[in-house]
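> Coordinates only, no sequence provided:
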């Protein structure tokens with residue numbers, strides 16, 4: 001009985017930390033919805049950091065927190081930071097959830113979106129973005145179906161990335 005009580009006491013801090021992170025996440029999402037992007041991004045960073053410490057990098061909640069943090073960085077046009085995060089987390093997402101999981105597809109799309117709108121993007125970055133989006137769109141079409149809203153979003157991003165690449169290639173001739 002005492003061992004069980006001790007186990008329960010040890011579990012309380014983890015549950016408490018989980019609750020705090022959940023509240024922070026909800027607040028960050030609310031700030032983002034209200035357009036308070038500068039307030040949302042650091043909270044998303046803290047949620048990701050908290051989930052990383054609490055659950056490790058392979059836990060689905062950590063991956064979702066990384067997705068939210070990357071999205072908030074992109075909303076603020078902080079492309080270099082988003083690329084850094086996504087280069088680290090996309091391989092983990094692919095390994096843990098698989099190539100065709102919706103979260104993996106979202107992360108791969110986010111990575112491409114971190115590449116092509118960046119004014120500092122090189123031609124190689126733009127080509128990488130187009131290639132990544134083409135592959136992601138193919139997979140999404142097969143897995144999610146042609147009427148899925150995520151596929152529509154990805155197809156739109158692919159059109160934009162191709163246009164940016166064409167524009168850059170013709171301006172460098």
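In hand now; what should we look at? On a predicted model such as this, the values are computed, not experimentally measured, just so you know.

> Am I right that residue 69 is in contact with residue 48?
Yes. Under the criterion of C-beta atoms under 8 Å, residue 69 makes contact with residue 48 at 4.4 Å. C-beta coordinates here come from the backbone N, C-alpha and C atoms, glycine included.

> Show me the domain layout of this protein.
1-76, 100-173 (automatic domain parsing).

> So which residue is smack in the middle of the protein?
For the chain, residue 67 is the residue whose C-alpha lies nearest the centre (C-alpha atoms, centre = their mean; 2.5 Å).

> and that residue, what does it touch?
103, 106-107, 110 (C-beta atoms under 8 Å, 6 or more residues apart in numbering).

> okay, these in TSV with neighbour count and distance to residue 85 next?
Formatted as TSV, the contacts of residue 67 follow (neighbours: other C-beta atoms under 10 Å; distance: C-beta to C-beta, whole Å):
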residue	neighbour count	distance to residue 85
103	17	15
106	21	14
107	24	10
110	22	9
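
> need the residues you listed in a markdown table with distance to residue 28, secondary structure and pLDDT, can you?
Shown next, in a markdown table, are the contacts of residue 67 (distance: C-beta to C-beta, whole Å; DSSP: H, G, I helix; E, B strand; the rest coil; pLDDT from 0 to 100):
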| residue | distance to residue 28 | secondary structure | pLDDT |
| --- | --- | --- | --- |
| 103 | 18 | helix | 95 |
| 106 | 17 | helix | 97 |
| 107 | 18 | helix | 97 |
| 110 | 17 | helix | 98 |
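
> and the residues you listed, which two are the farthest apart?
Using C-beta to C-beta, these span at most 10.4 Å, a distance reached by 103 and 110.

> that older thread, quickly, which of the domains of the chain bottoms out on average pLDDT?
Of all these, the minimum mean pLDDT falls on domain 1-76 (a mean of 89).

> starting at the chain centroid, how far to that domain?
Centroid separation for domain 1-76 versus its chain: 14 Å, with C-alpha atoms, centre = their mean, to the nearest Å.

> what element comes up after the helix or strand that contains residue 67 heading to the C-terminus?
Per DSSP states H and E, residue 67 falls inside helix 60-75. Under the assignment DSSP H and E, the closest C-terminal helix or strand after helix 60-75 is helix 79-97.
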